[in-house]
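A.B. asks: With the input below, show me the fold.
(one chain, ligands or ions: 2)
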Amino acid sequence: MKVLSVSSEVFPLIKTGGLADVAGALPLALKPFGIETKTLMPGYPAVMKALRNPVVRLVFDDLLGEPATVLEATHEGLEILVLDAPAYYNRTGGPYVDVLGKDYPDNWQRFAALSLAGSEIAAGLLPGWRPDMVHLHDWQTAMVSVYMRYYPTPELPSLLTIHNIAFQGQFGADIFAGLRLPPHALSMEGIEYYGDIGFLKGGLQTATAISTVSPSYAEEILTPEFGMGLEGVIGSRVGNLHGIVNGIDADVWNPRTDPFIARNYAPTTLRNRSENRRALEQHFGMHEDGSPIFCVISRLTWQKGMDLLAATVDEIVAMGGKLAILGSGDAALEGALLAAASRHHGRIGVSIGYNEPMSHLMQAGSDAILIPSRFEPCGLTQLYGLRYGCVPIVARTGGLNDTVIDANHAALAAQVATGVQFGPVSAEGLLQAVRRAMRFYEDQKLWTQLQKQGMKSDVSWEKSAERYAALYSSLVSKGM
Ligand code: ADP
Ligand code: GLC
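C.D. replies: Ligands and ions are numbered 1, 2, ... in the order given. Presented below is the predicted three-dimensional model:
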């Protein structure tokens, strides 16, 4: 089976969050199922720089107003199609925002162009390669299925995966002419969204099937609280809605071989973690004592509950905990956490920024990872935590709920507990969870048991890739 995946980020070429990890790992995990994926992505500067021996495969003289070229190259086992359109992607900021953190005003055009290119490739425009279906990710590529619906192209099945419904690609109706769609596309069945235009909404209406990245989140987005305005559209498609939990790349995230950590280890050599712990304490200038280190590796946003963290740090320190925080995001939250670090010198270390190698050392050297998300479609850092013996302390929501087994009495007795869950998601809930974890930590035998059980959990892509493969097959065999 041949699949065209279209994504606005793909690890290791460009990453702002978990979407990149998934778009980079899933094609590799699907190979053993006989699925050949080519991934179309934008030619951001970092991507253009990383490409080795790209070949020109397709030329657009006028892709929504700008010229563009599709280049093909292989990169670390991935077959990549890069949309090289300097007017859209050759910018100094990130994939979506400028250097000041503001959305690019033409994001609608940048991602509609990517989507239009995707729909043309889906229609067989790439010489010698025609996919059997397309797999789309989030609002940035949701318009592929919209173009497939409204352009006179052969019909092909499509799967749209929701990674984060908070970002919907909503724009004023005045952009409609620029999208070059027929007038009836601006309707309830198409991209019209509360009087505006919704890219994700259009994709949810037109994709053959919809999925999201955990079973719990698939249920949650049917409710107004989590659906964020799209619960009605998703509800109308519930028969075609799937929840498949993410896996992780078990080679990139392997404490036995990880090149970014001070000392490699396995479940039988957990004592070697102490060297990683020391390296971490030194990096963050934290006291080298035996108190538990709680780490946070996260976008610093409301979704991730980082305001709750900022509100509870003093008490966590008062309870005897240490905190190592790596992240970037809202300026106010960055400021609040930096202020906490200067209040608690030696007990709280904060590093603002994005640092992939450091994120590995933090999982390898901390005792626990805190994830107090208000909503979490899947979440990857708890999966890395499980694999690294860094016990996850998580909000009971979405994929966190589906991947961490709370250390309640039954789970402890059955020796299946892998972490701590809490709800409701509030400052008090978070503190209680940390308090519980501290009690477990005092009993080193119990703590080691939690670590080892976590390390045994299957966080690989294997089972989920099988589910995707089955879903792909059912879509392709139905023809639509
Ligand atoms: P989301 O995609 O919502 O941000 P996920 O948990 O799915 O959340 O994925 C986040 C990914 O980004 C993980 O791979 C995590 O390790 C990584 N990450 C987040 N913040 C940082 C950071 N500041 N430095 C390095 N990696 C980070
Ligand atoms: C999103 C979600 C996160 C998920 C990731 C990859 O960014 O916020 O929960 O793990 O996508 O699917």
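A.B. asks: Near ligand 1, which residues of the stretch 151-300 of the chain are found?
C.D. replies: The stretch 151-300 of the chain has residues 297, 298, 299 near ligand 1, with proximity defined as Cβ under 6 Å from any ligand atom. C-beta coordinates here come from the backbone N, C-alpha and C atoms, glycine included.
A.B. asks: Tell me what the second one is bridged to.
C.D. replies: When bridges are taken as DSSP bridges, the partners of residue 298 come out as residue 327.
A.B. asks: Next, count neighbours for it.
C.D. replies: Other residues lying near residue 298 total 26 when counted by other Cβ atoms under 10 Å.
A.B. asks: so who does it touch?
C.D. replies: With contact taken as Cβ atoms under 8 Å, 6 or more residues apart in numbering, residue 298 is in contact with 304, 306, 326, 327, 329, 371, 381.
A.B. asks: Let me have the residues you listed in a markdown table, extended by pLDDT and distance to ligand 1.
C.D. replies: What follows is the contacts of residue 298, written out as a markdown table (pLDDT from 0 to 100; distance: Cβ to the nearest ligand atom, whole Å):
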| residue | pLDDT | distance to ligand 1 |
| --- | --- | --- |
| 304 | 98 | 7 |
| 306 | 98 | 11 |
| 326 | 98 | 5 |
| 327 | 97 | 5 |
| 329 | 94 | 9 |
| 371 | 98 | 8 |
| 381 | 98 | 5 |
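A.B. asks: Strands of the stretch 1-150 of the chain, residue ranges please.
C.D. replies: Applying DSSP state E, counting those that start in this stretch to the stretch 1-150 of the chain gives strands spanning 2-6, 36-42, 55-63, 66-75, 78-84, 133-137.
A.B. asks: Nearest to ligand 1, out of these?
C.D. replies: Closest approach to ligand 1 among the strands of the stretch 1-150 of the chain (Cβ to the nearest ligand atom): strand 133-137, 11.4 Å.
A.B. asks: Test for you: state the pLDDT assigned to residue 479.
C.D. replies: Note on residue 479: pLDDT of 61.
A.B. asks: ok, which residues in this structure are in contact with ligand 2?
C.D. replies: By Cβ under 6 Å from any ligand atom, the residues of the chain that approach ligand 2 are 17-19, 22, 163-164, 213, 246, 376-380, 399.
A.B. asks: Filter the residues you listed down to the buried ones, PyMOL style.
C.D. replies: The buried residues among these can be selected in PyMOL (16 or more other Cβ atoms under 10 Å) with this line:
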select buried, resi 18+19+22+163+164+213+246+376+377+378+379+380+399
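A.B. asks: What residues of the helix or strand where residue 448 lies count as buried?
C.D. replies: Using DSSP states H and E, residue 448 sits within helix 444-456. Within helix 444-456, the residues that count as buried by 16+ other Cβ under 10 Å are 447, 449, 450, 451, 453, 454, 455.
A.B. asks: Check which helices and strands that helix sits against.
C.D. replies: Helix 444-456 is packed against helix 381-388, strand 391-395, helix 427-442, with contacts defined by 3 or more Cβ pairs under 8 Å, 6 or more residues apart in numbering; DSSP states H and E.
A.B. asks: tell me what the longest one is packed against?
C.D. replies: It stands for helix 427-442. Counting by 3+ Cβ pairs under 8 Å, 6+ apart, helix 427-442 packs on helix 306-318, strand 368-371, strand 391-395, strand 420-422, helix 444-456.
A.B. asks: Pull out the buried residues from it.
C.D. replies: Using 16+ other Cβ under 10 Å as the test for burial, helix 427-442 gives 427, 429, 430, 431, 433, 434, 436, 437, 438, 440, 441.
A.B. asks: quick check: angle from that helix to helix 306-318?
C.D. replies: 40 degrees (axes from the mean of the first three to the mean of the last three Cα atoms, to 10 degrees).
A.B. asks: and helix 427-442, what's its mean pLDDT?
C.D. replies: For helix 427-442, the per-residue pLDDT averages 98.
A.B. asks: the inter-axis angle of that helix versus helix 444-456?
C.D. replies: Interaxial angle, helix 427-442 versus helix 444-456 (the same axes, to 10 degrees): 110 degrees.
A.B. asks: now helix 427-442 against strand 391-395, angle please.
C.D. replies: Going by the same axes, to 10 degrees, helix 427-442 makes 160 degrees with strand 391-395.
A.B. asks: what's the answer for the first one, then?
C.D. replies: What separates the directions of helix 381-388 and strand 391-395 is an angle of 160 degrees, with the same axes, to 10 degrees.
A.B. asks: Run through who's touching the helix holding residue 448.
C.D. replies: 267, 270, 367, 385-392, 405, 407, 412, 415-419, 440-441.
A.B. asks: filter these to the buried ones?
C.D. replies: Applying 16+ other Cβ under 10 Å to these flags 270, 367, 385-392, 405, 407, 412, 417-419, 440-441 as buried.
A.B. asks: if we can go back for a sec, with neighbour count and distance to residue 252 as extra columns, can I get the contacts of residue 298 in TSV?
C.D. replies: Output for the contacts of residue 298, formatted as TSV (neighbours: other Cβ atoms under 10 Å; distance: Cβ to Cβ, whole Å):
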residue	neighbour count	distance to residue 252
304	26	22
306	27	25
326	21	17
327	24	20
329	17	23
371	25	20
381	26	14
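A.B. asks: export those residues to JSON lines and tack on distance to residue 192?
C.D. replies: JSON lines is the format used below for those (distance: Cβ to Cβ, whole Å):
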{"residue": "304", "distance to residue 192": "31"}
{"residue": "306", "distance to residue 192": "34"}
{"residue": "326", "distance to residue 192": "41"}
{"residue": "327", "distance to residue 192": "37"}
{"residue": "329", "distance to residue 192": "32"}
{"residue": "371", "distance to residue 192": "36"}
{"residue": "381", "distance to residue 192": "37"}
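A.B. asks: quick one, which of the helices and strands packed on helix 427-442 is nearest to residue 136?
C.D. replies: Proximity to residue 136 (Cβ to Cβ) singles out strand 368-371 among the helices and strands packed on helix 427-442, at 26.9 Å.
A.B. asks: Show me what the closest one is packed up against.
C.D. replies: Where contact means 3+ Cβ pairs under 8 Å, 6+ apart, strand 368-371 is packed against strand 293-300, helix 381-388, strand 391-395, helix 427-442.
A.B. asks: Pairing partners for the shortest one, with directions?
C.D. replies: In the sheet containing strand 391-395, its partner strands are strand 368-371 (parallel), strand 420-422 (parallel), by DSSP bridges.
A.B. asks: Tell me which of those strands sits most buried.
C.D. replies: Among the strands paired with strand 391-395, strand 368-371 has the highest mean neighbour count (mean count of other Cβ atoms under 10 Å), at a mean of 28.
A.B. asks: As a markdown table, the strands paired with strand 391-395 with distance to residue 310 would be great.
C.D. replies: A markdown table is the format used below for the strands paired with strand 391-395 (distance: least, Cβ to Cβ, whole Å):
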| stretch | distance to residue 310 |
| --- | --- |
| strand 368-371 | 12 |
| strand 420-422 | 17 |
